[in-house]
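Engineer: Sequence plus the predicted model coming up.
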Amino acid sequence: MTTEAPAPFQFIGCVELRQALDHRARDERELLDRLEDVPPGSVFYHTHGYFLRHRPITTAYGNDFAAWVAVHVRDQVLAERLAVINPFEAASLEELREELITVIHDHLLRVISVPRVEFGEIFHFQQSHIVEVPLGSAAATLAEFRAGLAEVDASAIYFHMVEARTRLGRRSGDFAEWIRSSLAMPALAERIERIDAYMTSLERVRARVLALVDDALEGEAA
Amino acid sequence: MIAIDDYRRVAPPGAVDMLLRLAERVRGRRMLHLSGGRFGGGPAEILHTLVPMMADLGVDAAWEITGGDPKFYATAASLRAALDGAERVLTDEGLDHYVEMNRINAKKLSLEADLVLVHDVQPLTLVQHRGSSGRWVWRCHFDSSRAQRRAWAFLRPALSQYDAAVFSLPKFGRRMSIPKYVIAPSIDPLSEKNRDLTAREVAGILRGLGVAQDKPILLQVAPFTPAEDPLGVVNAYRLVRKHYNVRLVLAGTGDSEREGREVLGELREAARHDSDITVLELPPDAHGQINALQRAATIVLQKSVHEGFSLAAAEAMWKGKPVVGGFAGGLTQQIVYDVTGYTVHSVEGAAFRLRHLLNNPELIARMGAAGREHVRRSFLVTRHLTDYMALLIHLTR
């Protein structure tokens, strides 16, 4: 039996408009100090936003802070500790900020001198404004959702799985929420909700959601 | 005429559809670009592509330029250089004349638009004649972080009348009272400088330039100025030459400043004693020749020591070439270290990376392919247009 949702799912892509802030860091102490001051949107940009921007080449460091410390300060120890902080596990941006600060603070207690940029680039804090772009395709059934998801721009994966959860307060993410509330498929919703988006690419996340949906569709057919 | 759909074959999947969706939100809105001219450097080059594309998407896009007399142009050029960190003498008389000429420009131009994007310095003070409607944004294409104090102080009152500024990189901006957005410049993959060329076309153009394709070519395309360090490139080539039989081609435009003339003289002297060094002084519109040279090159150098954004690295990467570039300006953004090429800090570093690549030809192919994809995602005009659309939506909602 194919369930038709009372409210169709509307795919929304997004474009990130970057804004430079007047905060910068030349060493790890300044990174710590500025992290305490910057708006939450900047913490989001340099952690979750990394996922949107770095899809083609690498996600080797997981966030901009770890990448800067590794590449420009050349402090592999702190880079490793920052890289393993999973922004998707934090309950809020303030909790994520606190964790980043704690890790840097703890690291600075263990070093003799504050590691700083010698030949690299200083760190410039930024934040972003997300411009939503309705993509036109709407889905009323799970099969239509699958077809739409396979085609939409990758930024839609980011918007529904990351932006919706972290900045828009929809903690389950839009895909899981719609499948749970409109299609009444809580088991599938829970599996989608559990997908780990950290240290992977938007395309891989898309593939994982598609695989789960395919399983569910096969189950329906059987 | 090239249409937006033509970019589907070069842009990332879905990029053109995103543009079409974005355009639905801004259809009919007026976006006015103001610049100092229609020819010359990168900003004008890309506007020739961006403005028709915007119109194709249904935006009421227009491009106006400021005019003036030689004194106006000279003062604007000095201000531009001073904002870029160079030492210049700025006289009160010259600055007054610059402001006055823009007052006259304002009377001649229609400045009404939902979003007015003012490019660089020449039209900058037009904002003092803005109407009450519409949003004004200063689009700075160079590195203003080390601006001379007098030049910045002179322009600060005008800058404070803008609603926002746009810089190519966060590090290019200064502390300002208005929001600073970040939009990287771009290349047009379908332009004469970047369109696909057949091997026969490339060979024909190189023959015309007197460059033989009998051995690997190391290439730098850049003005012959100390900032681009072409003499450092020659020295790096000489270190490589001990081990590899290669050619060095330096292609660029001359510079009327004394330092630039001296650099060109030294390069010519080096070429006189080494037949494998070719110095090509090209006109600014030698797009086809630059395209062919970049496609014929084995490795492209961009060994700048002080650089704005300079898209020469992106142009080369689009042609599938690894780039060895100086650790300066926008090169650190364009070159992904060890993935699309290398950023280096010295002549020896450049020579080391050139030898490393020549000794590992499979790396040349791999980095070239990665570079092309990096440019496809980050430095094509479709991404640039997307950012401008987002700016228009964000500021005029």
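Structural biologist: Alright, I've got the coordinates.
Engineer: hey, where'd the strands end up in the chain?
Structural biologist: No chain in the question, so chain A it is. A:9-25, A:123-139 (DSSP state E).
Engineer: oops, chain B please
Structural biologist: So, for chain B - with DSSP E - the strands run B:30-35, B:60-65, B:115-119, B:135-140, B:164-167, B:180-182, B:217-221, B:247-252, B:277-281, B:299-302, B:323-326, B:341-344.
Engineer: Parallel or antiparallel, list what pairs with the fourth one.
Structural biologist: To tie it back to what came earlier, the one meant is strand B:135-140. strand B:115-119 (parallel), strand B:164-167 (parallel) (DSSP bridges).
Engineer: May I have the first one as PDB, with CA atoms only?
Structural biologist: Once side chains and other backbone atoms are set aside, the C-alpha atoms of strand B:115-119 remain, and they are given as PDB (Å, rounded to 0.1, in the frame of the first residue of the first chain):
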ATOM      1  CA  LEU B 115      21.000  47.000  -6.100                       C
ATOM      2  CA  VAL B 116      23.900  49.200  -7.300                       C
ATOM      3  CA  LEU B 117      27.300  47.400  -7.300                       C
ATOM      4  CA  VAL B 118      30.100  49.900  -7.500                       C
ATOM      5  CA  HIS B 119      33.400  48.300  -8.700                       C
END
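Engineer: what's around residue 90, how many residues?
Structural biologist: I'll assume chain A. 19 (other Cβ atoms under 10 Å in any protein chain shown). Heads up, the C-betas are built off the backbone N, CA and C, glycines and all.
Engineer: think we crossed wires, I meant chain B
Structural biologist: 17.
Engineer: That one is in contact with residue B:77, isn't it?
Structural biologist: No: Residue B:90 is beyond contact range of residue B:77, at 11.1 Å (criterion: Cβ atoms under 8 Å).
Engineer: coming back round to it: I'd like the strands of chain B written out as TSV, with mean neighbour count added.
Structural biologist: Shown next, in TSV, are these (neighbours: other Cβ atoms under 10 Å in any protein chain shown):
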stretch	mean neighbour count
strand B:30-35	22
strand B:60-65	18
strand B:115-119	25
strand B:135-140	23
strand B:164-167	23
strand B:180-182	23
strand B:217-221	27
strand B:247-252	24
strand B:277-281	19
strand B:299-302	28
strand B:323-326	28
strand B:341-344	26
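Engineer: Need these in CSV (columns: mean pLDDT and distance to residue B:234).
Structural biologist: Formatted as CSV, the strands of chain B follow (pLDDT from 0 to 100; distance: least, Cβ to Cβ, whole Å):
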stretch, mean pLDDT, distance to residue B:234
strand B:30-35, 96, 35
strand B:60-65, 96, 38
strand B:115-119, 97, 34
strand B:135-140, 97, 33
strand B:164-167, 98, 33
strand B:180-182, 98, 35
strand B:217-221, 97, 10
strand B:247-252, 96, 7
strand B:277-281, 96, 7
strand B:299-302, 97, 10
strand B:323-326, 96, 14
strand B:341-344, 95, 15
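Engineer: Quick one, grab the pLDDT at residue A:59.
Structural biologist: For residue A:59, the model assigns a pLDDT of 53.
Engineer: same deal with residue A:62?
Structural biologist: As predicted, residue A:62 sits at a pLDDT of 84.
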